[in-house]
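Asker: got a predicted structure plus its sequence, pasted below:
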Amino acid sequence: MTQDSLTFLGTGTSYGIPQIACRCSVCNSDDPRNTRSRCSAVLKAQGQNLLIDVTPDFRSQALREQLVHVDGVFITHVHADHVFGLDDLRPLNLNRDVPTPVFADAESCIQLRTIFSYIFCTEERRPGIPWLVLREIKAGQSFQLGGASFMPFSVEHGRWPCFGLRYKDFAYITDAKRIPRRSQAVLSGLKRLCLDLLRDEPHPTHMSRAESLAAVQELGGPETWFIHMGHEVDHTPFERALPENCHLAYDGLKIEVNP
C-alpha cells in the first residue's frame, strides 16, 4: 500500500527567499533551508497526487522533485503567489485521458475564470493549453479524488477568505491570521499539521510565532511544521527555540502524514 505523504514544494512568503534586492543575513545565507520558494505542496493520498496551490515557482519546484503526474489541484485562495503557475501544468496533461480537476470555492472559481479565461473558457482539450476543469467546493463538505476524501475548511487571511485542507488526521493551513471556531471543530483530533508562521513580529494577515504556537495548542498540540516564512526567519536558531512538537518546514522536505 502506498504511504500517504506530503512534499513541501515551497515554504516561503510571497516574495520568496532570497528576496529581490535584499542583503539581509537570511537572504544571503549558506543554509539551503533558508532558500524558500513560494508556498505549495504535493499531498500523496491513496496513490493520488493532490497539488496544493500552483505558485510562480512551480516549474522549478516540479523539476527539483521530479514530479511526473498531478491528479488534482486544490486552490487555497487566489493570490498571485498561489495560482500564477497554473499554465506550467501543461506538460503534466499530455498523457491524460481526462482533464485535471481544480478544486476551489465559488469566489475563487469566478476569479480563476477571469484571470485564466483562456484555460477555463471550455472543458475541451486543446493543444498548447492546460487541460483543467474547475470543480466548486464548499467549506465543511468533503470532496473526492480517486479513493481519497478531503475536507476543506475556512480560515481568515485578513479580509480575504482562504481554505485549509484536512485529510484523515492531517491538516494543511497556509495564509491565515485566525482559525474560526467553526473550523476548529473540523480540526479536532489532528495528529499532524502544517501551519502559517510568517515571522516573530505581528502582521495584519498572517500569524506571528506567538499566534501560530497558540493555534497549535488550541488544536491539541499536534506535531506541526510551519510554512510561509519570511526572511525574518533564520532556520537553525528559529527552530531551536520552538517546542519539541514544532518544526520549520523547508523546500523539498517530505513527511508522512498518517504514520
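Answerer: Everything's here; your move.
Asker: this structure: strands as residue ranges?
Answerer: 5-10, 40-45, 48-52, 72-74, 100-104, 132-136, 143-145, 148-157, 160-167, 170-173, 192-196, 223-227, 246-248, 254-256 (DSSP state E).
Asker: reformat these as a markdown table; add mean neighbour count.
Answerer: C-betas here are computed from N, CA, C, even on glycine. Formatted as a markdown table, those follow (neighbours: other C-beta atoms under 10 Å):
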| stretch | mean neighbour count |
| --- | --- |
| strand 5-10 | 23 |
| strand 40-45 | 23 |
| strand 48-52 | 22 |
| strand 72-74 | 24 |
| strand 100-104 | 22 |
| strand 132-136 | 17 |
| strand 143-145 | 17 |
| strand 148-157 | 20 |
| strand 160-167 | 22 |
| strand 170-173 | 26 |
| strand 192-196 | 26 |
| strand 223-227 | 23 |
| strand 246-248 | 20 |
| strand 254-256 | 14 |
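Asker: any idea which of those gets closest to Gln184?
Answerer: Of all those, strand 148-157 sits nearest to Gln184, with 9.1 Å by C-beta to C-beta.
Asker: next one: that closest one to chain centre, how far?
Answerer: 11 Å (C-alpha atoms, centre = their mean, to the nearest Å).
Asker: what is the burial count for Phe238?
Answerer: Phe238 has 19 neighbours, counted by other C-beta atoms under 10 Å.
Asker: I'd guessed it sits against Leu248; true?
Answerer: Yes: taking contacts as C-beta atoms under 8 Å, Phe238 lies within contact range of Leu248: 6.3 Å.
Asker: make TSV from the strands of the chain and add distance to Thr114 and mean pLDDT to it.
Answerer: TSV is the format used below for these (distance: least, C-beta to C-beta, whole Å; pLDDT from 0 to 100):
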stretch	distance to Thr114	mean pLDDT
strand 5-10	25	98
strand 40-45	22	98
strand 48-52	21	97
strand 72-74	17	98
strand 100-104	13	98
strand 132-136	12	98
strand 143-145	23	97
strand 148-157	20	96
strand 160-167	16	94
strand 170-173	26	98
strand 192-196	26	98
strand 223-227	27	98
strand 246-248	35	98
strand 254-256	35	97
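Asker: can you pull the contacts of Asp88?
Answerer: The neighbours of Asp88, taking C-beta atoms under 8 Å, 6 or more residues apart in numbering as the test, are Val54, Phe58, Arg59, Ala62.
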